[in-house]
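> got a structure for you, letters missing:
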């Protein structure tokens, strides 16, 4: 089994895509079928899509937690700090590897690994 698709919903898709771009993701902005315009990127064989909030959804789910291995870890940490990204955990060696935990604009915790 493998993860093939993850959809994240937000009140501000452009802002959220911009945030994840800081981590090195490159998004396309498109729509297919009757879907709304949304941002899409591929991570390995998985697709991450950023959609606007669903009809009747008042706020983004900030309980989803993502973990991403990133290139140029130290440079990205510096960039994130310069852009005043919230760190829930500063970079440190853990049982799971060298990592930090940041928060995206909707408050989701994102584990980033060296």
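Perfect, thanks for sending it. A quick note: this is a predicted structure, and the numbers were derived from the prediction, not measured.
> what does the pLDDT read for the spatially most central residue of the chain?
Centroid check for the chain by C-alpha atoms, centre = their mean gives residue 20 as the closest residue, at 4.8 Å. At residue 20, the model reports a pLDDT of 97.
> quick thing: my sequence starts at 37, can you match it?
Done: numbering now begins at 37, and the last item shifts to residue 56.
> next helix or strand past the helix or strand containing it?
Element membership for residue 56, per DSSP states H and E: helix 49-57. Once the chain leaves helix 49-57, the next helix or strand it forms, by DSSP H and E, is strand 64-66.
> who's in contact with the very next helix or strand once past that next one?
Counting by DSSP H and E, the element after strand 64-66 in chain order, helix or strand, is strand 74-79. For strand 74-79, contacts defined as C-beta atoms under 8 Å, 6 or more residues apart in numbering pick out 49-50, 52-53, 56, 61-67, 83-88, 104. Glycine gets a C-beta too; all of them are placed from N, C-alpha and C.
> can you flag the buried ones in the residues you listed?
49, 52-53, 56, 61, 63, 84-88 (16 or more other C-beta atoms under 10 Å).
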